[in-house]
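J.: can't give you the sequence, but here's the structure:
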């Protein structure tokens, strides 16, 4: 009987040791989770603050853009463009077209294709009626 009591006591002591060891592991895990939660909360609060600052800056810039657009719409057109006579307008347009001339060696493929299309149109007489 003493052997049985001794074995039962040893088993109980061993079981209690395992239970307390298990509690220590879960406590460490709980503490780690709490620390992770605190770090995530701090980061979230920081990001919220940055977002609020960015939104305030966007609102400020939007107001500035609206003010500048209102000023631009209210301003009269430049005097030089308004005073150009119609005959001079054609000559200016023709001069502007020649000012856009790019030598063939310096043209990109898209510019070359556009120049060829304009040349074909000019040679066919299309658009003169």
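T.: That came through fine. Only a predicted model underlies this, so the values are computations on that prediction, with no experimental measurement involved. Residues are numbered from 1 along each chain as shown.
J.: Packing partners of the one helix or strand residue 66 maps to?
T.: Per DSSP states H and E, residue 66 falls inside helix 2-74. Here helix 2-74 touches no other helix or strand, going by 3 or more CB pairs under 8 Å, 6 or more residues apart in numbering; DSSP states H and E. C-betas here are computed from N, CA, C, even on glycine.
J.: and residue 107, how many neighbours does it have?
T.: When neighbours are counted by other CB atoms under 10 Å, residue 107 registers 14.
J.: how far away is residue 114 from residue 120?
T.: Distance of residue 114 to residue 120, given as CB to CB, to the nearest Å: 11 Å.
J.: between these two, which one's more packed in?
T.: Using other CB under 10 Å as the criterion, residue 114 and residue 120 rank with residue 114 on top: 13 against 10.
J.: any idea which helix or strand carries the more buried one?
T.: Assigning secondary structure by DSSP H and E places residue 114 in helix 109-124.
J.: least trustworthy helix or strand in this structure by mean pLDDT?
T.: Lowest by mean pLDDT, DSSP states H and E among the helices and strands of the chain is helix 86-99, with a mean of 52.
J.: Need the per-residue pLDDT for residue 48.
T.: Per-residue pLDDT puts residue 48 at 96.
J.: Can you give me the distance of residue 60 to residue 120?
T.: Residue 60 is 52 Å from residue 120, by CB to CB.
J.: what do you get for residue 5?
T.: Residue 5 is 113 Å from residue 120, by CB to CB.
J.: got it, and residue 51?
T.: Relative to residue 120, residue 51 is positioned 56 Å away (CB to CB).
J.: And residue 64, by the same measure?
T.: For residue 64 relative to residue 120 (CB to CB), the value is 48 Å.
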